[in-house]
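Engineer: Starting from these lines, generate the structure:
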Amino acid sequence: MIDISHTEEIYTVSRLNREARLLLEGSFPSLWVIGEISGFKAHTSGHWYFSLKDQAAQVRCAMFRSQNRTLNFLPKEGMQIIAQVRVSLYEGRGDYQLIAEWMEEAGEGKLRQEFEALKKRLAEAGFFDVAHKKALPAFPQSIGVITSPTGAAIKDILSVLKRRYSCAPIIIYPTLVQGETAAANIVEAILQANRRNECDVLILARGGGSLEDLWCFNDERVAKAIYHSQLPIVSGVGHEIDFTIADFVADLRAATPSAAAELVVPDQMQLSETLDYTAKQFVKLIQQKIAQLEQHINWMQKHLQQQHPTRKLREQSQQLDFYEIHLIRLQNSILDNKKHLLANLVATLDALSPLATLQRGFSITTRGTDNHILQDATHVQIGESVRIQLMKGNLECTVDGKSEKYFNSNAQ
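Structural biologist: Down below sits the predicted model:
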């Protein structure tokens, strides 16, 4: 038996395969491999399993569903392909394998190189700069479409535009979208649309296809025509996975022709709903404003009524009436008091009046020379004329004699 107590660390098979996988995945970057498909099998899970081989060797490959669903072709037995892969190892069996992330037919390899070279050159020249891209009109008055008049793309575009924005006319600039003369046709269509200047935005579109089918949209002449266009251009070439030079130069790139149509116009249903909502909000605001103004007017009217001269005059007139009534009452009271006082004075005067004295049988004697009222006998001489006033009539007399005895009114 082998004594393992003194040997180096012992790996389990699982650990060995795991570390071998990590070593392989860490040592090789993503790379491109060309080969012939052999033993292709599409599993029910959606994953693809196959081998790539050449004259001297082969290697197992897997392409998972999340990657292979983006391809626009189905690989076949014996097909030459170029695949972008990661080097890995399937730990369960210890099989060295390649994980494919993208593949295309081998005939497209040269085109792919040309595509990458042109893309790099145009990027360095500023053709893809965001600062150069033009904004799309929010509500286009007219829409131009550059595409094949008989392809599926135009039908999809017209359907979307009719549904979303039927108010804008559509001008079709028919052109080839595949073949040797297609690039020149597309350039002429872009130039014509700019010369005529009868639309606000252009859609450049065609349906899906292989790299070779879409090659006219990777032409430098097309790229320059898009770059120098005064009209904004939205590209909708191929499917979501397809990218062309036209997509990078265009002012906006859409995944499909239908998506391009959706990008250039607003949705009239949403616009209608927005307008309805805005109108309701506007009416609500107007009603609120009117209510506020009515409330303010009512307040102003009440305030005006309170401050109106008529009201002031009424109040003053009422106050005048009150004063008049009060004055009349005061005057009556004063008059009554005066009458009562007058009556008292009259009574007093009457009591003190000489006439009253005369009525009681008394008389008033005055000296004849100066009409001096005589109260004392010493004030008159014997033989002097005196006048005696009675209640009725006067007596002219001569003093024959007199007595100087005083009359004491307080005598008991």
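Engineer: what helices or strands is the strand or helix carrying residue 59 leaning on?
Structural biologist: Residue 59 is located in strand 58-63, with elements delineated by DSSP states H and E. Using 3 or more C-beta pairs under 8 Å, 6 or more residues apart in numbering; DSSP states H and E as the contact criterion, the secondary-structure elements in contact with strand 58-63 are strand 31-42, strand 48-53, strand 80-90, strand 95-105. Any C-beta I mention is one placed from the backbone N, CA and C, and that applies to glycine too.
Engineer: Find the residue ranges of the stretch 51-200 of the chain scoring beneath the pLDDT cut-off.
Structural biologist: 107-109 (pLDDT under 70).
Engineer: Just the CA atoms of the strand holding residue 59, as CSV, please.
Structural biologist: This file holds the C-alpha atoms of strand 58-63, laid out as CSV (Å, rounded to 0.1, in the frame of the first residue of the first chain):
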residue,chain,number,x,y,z
GLN,A,58,-12.8,18.9,-32.8
VAL,A,59,-14.2,20.5,-29.6
ARG,A,60,-17.5,20.2,-27.8
CYS,A,61,-19.7,23.3,-27.7
ALA,A,62,-22.8,24.6,-26.0
MET,A,63,-25.0,27.6,-26.8
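Engineer: can you pull the buried residues of it?
Structural biologist: Under the neighbour-count criterion of 16 or more other C-beta atoms under 10 Å, strand 58-63 has 59, 61-63 buried.
Engineer: Can I get the helices and strands packed on strand 58-63 in a markdown table including mean neighbour count and distance to residue 401?
Structural biologist: Putting these into a markdown table (neighbours: other C-beta atoms under 10 Å; distance: least, C-beta to C-beta, whole Å) gives the following:
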| stretch | mean neighbour count | distance to residue 401 |
| --- | --- | --- |
| strand 31-42 | 15 | 186 |
| strand 48-53 | 19 | 185 |
| strand 80-90 | 18 | 182 |
| strand 95-105 | 18 | 179 |
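Engineer: Residue 276 belongs to a helix, doesn't it?
Structural biologist: Yes. The assignment for residue 276 (DSSP: H, G, I helix; E, B strand; the rest coil) places it in a helix.
Engineer: Give me the most central residue, the protein.
Structural biologist: Geometric centre of the chain, nearest residue: residue 278, 10.1 Å, by C-alpha atoms, centre = their mean.
Engineer: Can you check what pLDDT the model gives that one?
Structural biologist: pLDDT, residue 278: 89.
Engineer: quick one, domains of the protein?
Structural biologist: According to the domain assignment given by automatic domain parsing, the chain is divided into the following structural domains: 9-109, 125-130+140-266, 270-307, 357-398.
Engineer: Including distance to residue 328, could the ones you listed go into a markdown table?
Structural biologist: Shown next, in a markdown table, are the domains of the chain (distance: least, C-beta to C-beta, whole Å):
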| stretch | distance to residue 328 |
| --- | --- |
| domain 9-109 | 111 |
| domain 125-130+140-266 | 86 |
| domain 270-307 | 31 |
| domain 357-398 | 41 |
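Engineer: If you average the pLDDT over stretch 370-378, what comes out?
Structural biologist: Along stretch 370-378, the predicted local confidence has a mean pLDDT of 82.
Engineer: what sits up against that stretch?
Structural biologist: When contacts are taken as C-beta atoms under 8 Å, 6 or more residues apart in numbering, the neighbours of stretch 370-378 outside the stretch itself are 364-367, 379-380, 386-387, 402-404.
Engineer: Straight-line length of it, end to end?
Structural biologist: The straight-line separation of the ends of stretch 370-378 (C-alpha to C-alpha, to the nearest Å) is 16 Å.
Engineer: list the buried ones in that stretch?
Structural biologist: Using 16+ other C-beta under 10 Å as the test for burial, stretch 370-378 gives residue 374.
Engineer: circling back to that earlier point, of all the domains of the chain, which gets the most neighbours per residue?
Structural biologist: When you average the neighbours per residue for each of these (mean count of other C-beta atoms under 10 Å), domain 125-130+140-266 leads with a mean of 19.
Engineer: Centre of the chain to that domain, how far?
Structural biologist: Here domain 125-130+140-266 shows a centroid-to-chain-centroid distance of 36 Å under the convention C-alpha atoms, centre = their mean, to the nearest Å.
Engineer: And the helices in the protein, which stretches?
Structural biologist: Counting by DSSP state H, the chain has these helices, from start to end: 13-27, 65-68, 109-124, 152-164, 182-196, 220-228, 245-249, 257-264, 268-307, 309-352, 354-359.
Engineer: Which one, of those, ends up nearest to residue 130?
Structural biologist: Relative to residue 130, the nearest member of those by C-beta to C-beta is helix 245-249, separated by 11.2 Å.
Engineer: Show the average pLDDT along the closest one.
Structural biologist: Per-residue pLDDT values over helix 245-249 give a mean of 96.
Engineer: if we can go back for a sec, using TSV, please lay out the helices of the chain together with distance to residue 92.
Structural biologist: Converted to TSV, these look like this (distance: least, C-beta to C-beta, whole Å):
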stretch	distance to residue 92
helix 13-27	8
helix 65-68	19
helix 109-124	33
helix 152-164	44
helix 182-196	49
helix 220-228	48
helix 245-249	41
helix 257-264	41
helix 268-307	52
helix 309-352	103
helix 354-359	160
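Engineer: Residue 40 is nearest to which of those?
Structural biologist: When these are compared for distance to residue 40 using C-beta to C-beta, the nearest one is helix 65-68, at 11.3 Å.
Engineer: Just the CA atoms of that closest one, as PDB, please.
Structural biologist: Coordinates of the C-alpha atoms in helix 65-68 are reproduced here as PDB (Å, rounded to 0.1, in the frame of the first residue of the first chain):
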ATOM      1  CA  ARG A  65     -31.100  29.500 -25.000                       C
ATOM      2  CA  SER A  66     -30.600  33.100 -23.800                       C
ATOM      3  CA  GLN A  67     -27.900  33.500 -26.500                       C
ATOM      4  CA  ASN A  68     -29.200  31.400 -29.400                       C
END
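Engineer: How far does it sit from its chain's centre?
Structural biologist: 45 Å.
Engineer: what inclination does the strand holding residue 59 have with respect to strand 31-42?
Structural biologist: 80 degrees (axes from the mean of the first three to the mean of the last three C-alpha atoms, to 10 degrees).
Engineer: Sheet partners, orientation included, of strand 58-63?
Structural biologist: Here strand 58-63 is paired, per DSSP bridges, with strand 48-53 (antiparallel), strand 95-105 (parallel).
Engineer: No more questions from me, cheers.
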